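J.: Structure for this input, please:
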Amino acid sequence: MAIERVELPGGRWELKATGKDIPELKGMLNEHGAKEFQKSYIRGQKTGFERITDPRGNYTYVPGDKIEEYRKQGYGRIVTPSFVVQDLPWKQRHKRGAGRHRYKFVGGEFVEA
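T.: Have a look, this model is predicted:
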């Protein structure tokens with residue numbers, strides 16, 4: 001049986017193959033997949049990707065040209081809370097180097113853990 005193309009409603013189609021034609025069909029699909037990946041990669045470079053939150057609050061990347069569609073679906077509405085402390089009630093200590101520092105409260109003052 002040769003590779004046969006079946007037209008489906010809505011402008012869709014599917015390919016059917018059996019026996020020796022399966023490796024040939026696989027090669028056709030690999031070629032098509034590579035072309036489509038290249039098109040999407042080039043389109044992605046033009047529009048870029050944006051980092052926004054999904055409806056659950058986790059960060060994700062979405063295509064830059066489809067940001068408004070994602071916002072209508074509930075993306076990007078959750079903002080991570082942040083705050084600034086103006087005056088601290090204890091003596092500030094200078095951090096030793098870059099990176100994270102852990103402190104604990106001992107005897108009425110904070111000491112580096």
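J.: Check this protein and tell me which residue is nearest its centre.
T.: Among the residues of the chain, Tyr61 comes closest to the average C-alpha position under CA atoms, centre = their mean, at 3.2 Å.
J.: That one falls within a helix, correct?
T.: No. Applying DSSP: H, G, I helix; E, B strand; the rest coil, one finds Tyr61 to be strand, outside a helix.
J.: Just list the residues touching it, thanks.
T.: Neighbour list for Tyr61: Phe49, Glu50, Arg51 [criterion: CB atoms under 8 Å, 6 or more residues apart in numbering]. Where you see a C-beta, it was placed from the backbone N, CA and C, and this is true even at glycine.
J.: Format these as CSV; extra columns: pLDDT.
T.: Converted to CSV, those look like this (pLDDT from 0 to 100):
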residue, pLDDT
Phe49, 76
Glu50, 80
Arg51, 83
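J.: Could you turn the buried ones of those into a PyMOL selection?
T.: Restricted to buried positions by 16 or more other CB atoms under 10 Å, the PyMOL selection for those reads:
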select buried, resi 50
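J.: Around the residue nearest to Asp21 when sequence neighbours are not counted, how many other residues sit close by?
T.: Excluding the flanking residues, the one nearest Asp21 by CB to CB, 6 or more residues apart in numbering is Ile3, at 5.1 Å. Number of residues near Ile3 (other CB atoms under 10 Å) recorded here: 13.
J.: swap in the one 10 residues further on?
T.: The local packing count at Trp13 equals 9, with neighbours defined by other CB under 10 Å.
J.: hey, what's it bridged with?
T.: With DSSP bridges as the criterion, Trp13 is bridged to Glu7.
J.: Pull the contacting residues for it.
T.: Arg5, Val6, Glu7.
J.: And those, which is the shakiest by pLDDT?
T.: The lowest pLDDT within these belongs to Arg5, with 84.
J.: What backbone torsions are found at that residue?
T.: phi -100, psi 130 (degrees, to the nearest 10).
J.: Surely it touches Leu15?
T.: Yes. At 5.6 Å, Arg5 counts as touching Leu15 under the criterion of CB atoms under 8 Å.
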